[in-house]
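Participant: Predicted model, plus sequence, below.
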Amino acid sequence: MRHILSILVENEAGALSRVAGLFSARGYNIETLTVAPTEDTTMSRMTIVTTGSDEVVEQITKQLNKLVDVVKVVDLSEGKHIERELMLVKVRAAGKDREEMKRTADIFRGRIIDVTDKSYTIELTGTTEKLDAFLEALDRAAILETVRTGVSGIGRGEWVLKV
Amino acid sequence: MELKLPPNVESGETLTGAEIVIRCLQEEGVEHVFGYPGGAVLFIYDAIFKQKAVKHVLVRHEQGALHAADGYARATGKCGVALVTSGPGVTNAVTGICTAFMDSIPMVVLTGQVSTRAIGEDAFQECDTVGITRPTVKHNFLVKDVNELATTIKKAFHIATTGRPGPVVVDIPKDVSMQAARFHYPEKVSLRSYAPVTRGHGGQIKKALQLLLEARRPMVYVGGGAILGEASAEVTELVRLLGYPVTNTLMGLGSYPANDKQFVGMLGMHGTWEANHAMQTCDVLLAVGARFDDRVIGDPKHFAAGNPTRKIIHIDVDPSSISKRVRVDVPIVGGVKEVLHDLIAQVKAAPQRPDPAALAAWWAQITEWRAKDCLKYNRKSELIKPQFVIEKLYEVTKGDAYITSDVGQHQMWAAQFYRFDKPRRWINSGGLGTMGVGLPYAMGVKMAFPDAEVACVTGEASIQMCIQELSTCKQYHLPVKIVNLNNRYMGMVRQWQEFFHGNRYAESYMDALPDFVKLAEAYGHVGMKIEKPGDVEGALKEAFAMKDRLVFLDFITDQTENVFPMVPGGKGISEMILSEEL
């Protein structure tokens, strides 16, 4: 099953490699990983999307908690949460396809953020499924380049992840 | 330019980084540092030279330094300290660091590093120490600012010795050891991201109590955590209070007196018939500071499926040890000593007592398993049986020696036949299974307890992996006794090849062995070669009578002897192969 782990780590050199190293050393999956400092610059927040049985994810959580640099770990998928991913797609947009490309981007609420006479660069935010669906909707040959941030997640309601 | 200092160090005296390192060790009460000098740690060695409180023990290879510090820690319960240089000093140390990590031994490892400005330039003797050691330490640090050195070392000792202990590496660039800073050693440190639990959850302890008192076929399974957590007295009190059978893992030996009638022997791959069957058949299992590893319970599926109604209580300081290989019913996270203390109080206060009839029937079953006499070996052999040597070693040392071992058959025989009644007397590499630890372990133990008898049980293959430390033993007058069970084979490899690889003894024969007697003499020690069973006891007595000499006893043993019982790899704990003697 897919799980979204939110992790607060000390903003120390090497904290990312400790987390990433744990996943590779113990054979756990990482589907996506995002990390950036929080409003408290002594800490960074990571979001890791992983898959595994309940037992495996329980072990992942325990092993993460054991790392000295890890301050807190929460499995967002245990409760209501919101997840978003950002994607930038450079597509071929010339001739008769140019208008159609713009329409498709509009349907997915994408924004065109860069233009040449032959291409568009489209910015799209949403869940992983939505981003996948947008790529599906495009003609594969029209896609020149894609870059995705991986999932960021946050709990719904007033619950907050803090120290 | 004004020297900028964090507020808490303004009062201290100004010292160099190297001096700060030594002062920190003094503040921690460290008496011995095991190490080997080199370019990146020259300033630290210079600081060692100028003082007397911290004694440095010069080994002959960095691996020996780590194992010696590790052995010192295992025997004393204190934090072991090692000091090595950058690059090859560190890479040589990695085996020792990992050995300590796998058995949760508290150690602080100080490593030299090239100067901060040279880091990343592939400088001479540079390696990414923090990167290389990361998966084999509890934590590690690279100190880039001399003002953070003292606090970092304090953190290192704190992390190494609390919670589930483990090695911590502090990597110190050469320029940091040279620069000056005000010295202030914090009395304590607190880390928001690190707060090990000590007291167990009251509700969980109540649940455990209920299960224990209602058990009809109870079993207590105690691992190395009880030794690391100084909980032997509590383990013994609880087990005697309840009257239940108890087994120890390889790492737990000595946590419960092996001569006691409630002790059913070691369990696991080479555990006793009675311990393994009781483990598989019990209805309530109390696991204390143990981790259900593959060498202990074998195949976890067989363990679970063979007895689906068994209830398991698991006490451990590390939450990640719980339900890792075996699903448990009542997890209790906390220090084993604290949790057992609370549990004992509740057992005493509870009006209920275990069902005497059920317990008597269970003991009758265990007695029947015991009658199998699964450790039996041929006592009429004209060749020296390795088990016989260990039995005689036990008698000659009156069961009161510190026994270190290397890894292989001799290790298992020592564990089976030397009956440990006290904790911290059995020093061996259980988790990583590192050949070569035995001699440096013995050095570390002898350094800690100069008046105690220390014997290293080893084999002709293992001993050669750190044989150079015979020289260290000479330099520091460490009169340990080396009991070499010489069967001219890597015995455990040969045993597996005999059982599982059609008797094809690929590369497991030790050809061109040295003359160990001459070798011992070359290093300035005493060597003895023993070839007849009748000479075993006399040789041991003679060796232990030489109080101030290291004696290398080369016992020429039966080449074909195997360790029994044996659970083949991947099999269930009760699927044992027994000796043909039975």
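Facilitator: Nice, I can see it.
Participant: CA atoms only: put stretch B:133-149 into CSV for me.
Facilitator: Listed in CSV are the C-alpha atoms of stretch B:133-149, where the atom choice follows Å, rounded to 0.1, in the frame of the first residue of the first chain:
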residue,chain,number,x,y,z
THR,B,133,30.7,4.7,8.6
ARG,B,134,27.1,6.0,8.4
PRO,B,135,25.3,2.6,8.1
THR,B,136,27.4,1.1,10.9
VAL,B,137,27.2,3.7,13.6
LYS,B,138,24.5,4.8,16.0
HIS,B,139,25.4,8.4,14.9
ASN,B,140,28.4,10.2,13.6
PHE,B,141,29.7,13.8,13.4
LEU,B,142,32.2,15.8,11.4
VAL,B,143,33.4,18.7,13.5
LYS,B,144,34.2,21.7,11.2
ASP,B,145,34.4,24.3,14.0
VAL,B,146,36.7,24.0,17.0
ASN,B,147,34.2,25.9,19.0
GLU,B,148,31.8,22.9,18.6
LEU,B,149,34.3,20.2,19.5
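Participant: Show me where chain A has its helices.
Facilitator: Remark: helices of chain A, listed N- to C-terminal, are A:15-25, A:54-66, A:97-107, A:128-137; assignment by DSSP state H.
Participant: Out of those, which is the most enclosed?
Facilitator: Looking across the helices of chain A with neighbours counted as mean count of other CB atoms under 10 Å in any protein chain shown, the highest average goes to helix A:54-66: a mean of 18. Every C-beta, even on glycine, is put in place using the N, C-alpha and C of the backbone.
Participant: that older thread, any chance of CSV for the helices of chain A, columns distance to chain B?
Facilitator: What follows is these, written out as CSV (distance: least, CB to the nearest CB, whole Å):
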stretch, distance to chain B
helix A:15-25, 5
helix A:54-66, 4
helix A:97-107, 43
helix A:128-137, 29
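Participant: Any chance of these in JSON lines with distance to B:His158 and mean pLDDT as columns?
Facilitator: Putting the helices of chain A into JSON lines (distance: least, CB to CB, whole Å; pLDDT from 0 to 100) gives the following:
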{"stretch": "helix A:15-25", "distance to B:His158": "18", "mean pLDDT": "96"}
{"stretch": "helix A:54-66", "distance to B:His158": "16", "mean pLDDT": "96"}
{"stretch": "helix A:97-107", "distance to B:His158": "55", "mean pLDDT": "95"}
{"stretch": "helix A:128-137", "distance to B:His158": "41", "mean pLDDT": "97"}
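Participant: Dump those into CSV; add distance to B:Gly225 as well.
Facilitator: Conversion of the helices of chain A to CSV gives the following (distance: least, CB to CB, whole Å):
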stretch, distance to B:Gly225
helix A:15-25, 22
helix A:54-66, 15
helix A:97-107, 59
helix A:128-137, 42
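Participant: nearest to B:Thr458, of the ones you listed?
Facilitator: helix A:15-25 (31.0 Å; CB to CB).
Participant: which bits of chain A sit near chain B?
Facilitator: A:9-10, A:13-14, A:17-18, A:21, A:25, A:55, A:58-59, A:62-63, A:65-66, A:68-71, A:163 (CB under 8 Å from any CB of the partner chain).
Participant: quick revisit: wait, which of the helices of chain A is closest to B:Ile427?
Facilitator: helix A:54-66 (25.7 Å).
Participant: Just the C-alphas of the closest one, formatted as CSV.
Facilitator: Written as CSV, here are the backbone C-alpha positions of helix A:54-66 (Å, rounded to 0.1, in the frame of the first residue of the first chain):
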residue,chain,number,x,y,z
ASP,A,54,1.6,-2.4,7.1
GLU,A,55,4.4,-4.3,8.9
VAL,A,56,7.0,-2.9,6.5
VAL,A,57,5.8,0.7,6.9
GLU,A,58,5.7,0.3,10.7
GLN,A,59,9.3,-0.8,10.6
ILE,A,60,10.2,2.1,8.3
THR,A,61,8.6,4.5,10.7
LYS,A,62,10.4,3.0,13.7
GLN,A,63,13.8,2.9,11.9
LEU,A,64,13.3,6.6,10.8
ASN,A,65,12.5,7.6,14.4
LYS,A,66,15.7,5.8,15.5
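Participant: how about the residues of chain B near chain A?
Facilitator: Taking CB under 8 Å from any CB, the part of chain B that reaches chain A is made up of B:130-131, B:134-135, B:138-139, B:142, B:159, B:191-194, B:318-320, B:322-324, B:327.
Participant: Strands - which of those residues land there?
Facilitator: Using DSSP state E to define strands, the subset of those located there is B:His139, B:Leu142.
Participant: In PyMOL, select just the buried ones from the residues of chain B next to chain A.
Facilitator: In PyMOL syntax, the buried subset of the residues of chain B next to chain A is picked out as below (16 or more other CB atoms under 10 Å in any protein chain shown):
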select buried, chain B and resi 130+134+138+139+142+159+193+194+318+319+320+322+323+324
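Participant: so which residue of chain B comes closest to chain A?
Facilitator: For chain B, the residue positioned closest to chain A under CB to the nearest CB is B:Ser320, at a distance of 3.8 Å.
Participant: Distance check, that residue against A:Asp69.
Facilitator: Per CB to CB, to the nearest Å, B:Ser320 is found 16 Å from A:Asp69.
Participant: For chain A, just list every one of the strands.
Facilitator: Per DSSP E, chain A carries strands over the ranges A:2-10, A:32-37, A:43-51, A:70-75, A:81-92, A:111-115, A:119-126, A:143-148, A:152-155.
Participant: okay, how far is it across stretch B:316-327, tip to tip?
Facilitator: Stretch B:316-327 has its terminal residues 14 Å apart, counting by CA to CA, to the nearest Å.
Participant: what's next to that stretch, contact-wise?
Facilitator: A:55, A:58-59, A:62-63, A:65-66, B:163-164, B:196-198, B:225, B:229, B:287, B:289-294, B:297, B:300, B:303-304, B:312, B:314, B:328, B:331-336 (CB atoms under 8 Å, 6 or more residues apart in numbering or on different chains).
Participant: repeat that with 7 Å
Facilitator: The list of residues contacting stretch B:316-327 from outside it, by CB atoms under 7 Å, 6 or more residues apart in numbering or on different chains, reads A:58-59, A:62-63, A:66, B:163-164, B:196, B:225, B:229, B:289, B:291-292, B:297, B:300, B:303-304, B:312, B:314, B:328, B:331, B:333-336.
Participant: do the same with stretch A:59-71
Facilitator: Judged by CB under 7 Å, 6+ apart, the contacts made with stretch A:59-71 from elsewhere in the structure are A:5, A:7-10, A:12, A:15, A:18-19, A:22, A:26, A:28, A:43, A:50, A:52, A:73, A:75, A:163, B:139, B:159, B:192-194, B:319-320, B:324.
Participant: still on that earlier bit, return the subset of the residues of chain B next to chain A lying in helices.
Facilitator: B:Val130, B:Gly131, B:Ile159.
Participant: Was I right to think the last one contacts B:Val169?
Facilitator: No - distance between B:Ile159 and B:Val169: 10.7 Å, which falls outside the contact criterion (CB atoms under 7 Å).
Participant: Export the strands of chain A as TSV, with columns for mean neighbour count and mean pLDDT.
Facilitator: Supplementary listing: these in TSV, determined by neighbours: other CB atoms under 10 Å in any protein chain shown; pLDDT from 0 to 100:
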stretch	mean neighbour count	mean pLDDT
strand A:2-10	21	97
strand A:32-37	15	97
strand A:43-51	21	97
strand A:70-75	19	97
strand A:81-92	18	98
strand A:111-115	12	98
strand A:119-126	19	98
strand A:143-148	13	98
strand A:152-155	18	97
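Participant: Dump the ones you listed into JSON lines; add distance to B:Phe420 as well.
Facilitator: Listed next are the strands of chain A as JSON lines, based on distance: least, CB to CB, whole Å:
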{"stretch": "strand A:2-10", "distance to B:Phe420": "41"}
{"stretch": "strand A:32-37", "distance to B:Phe420": "47"}
{"stretch": "strand A:43-51", "distance to B:Phe420": "43"}
{"stretch": "strand A:70-75", "distance to B:Phe420": "37"}
{"stretch": "strand A:81-92", "distance to B:Phe420": "52"}
{"stretch": "strand A:111-115", "distance to B:Phe420": "71"}
{"stretch": "strand A:119-126", "distance to B:Phe420": "63"}
{"stretch": "strand A:143-148", "distance to B:Phe420": "58"}
{"stretch": "strand A:152-155", "distance to B:Phe420": "51"}
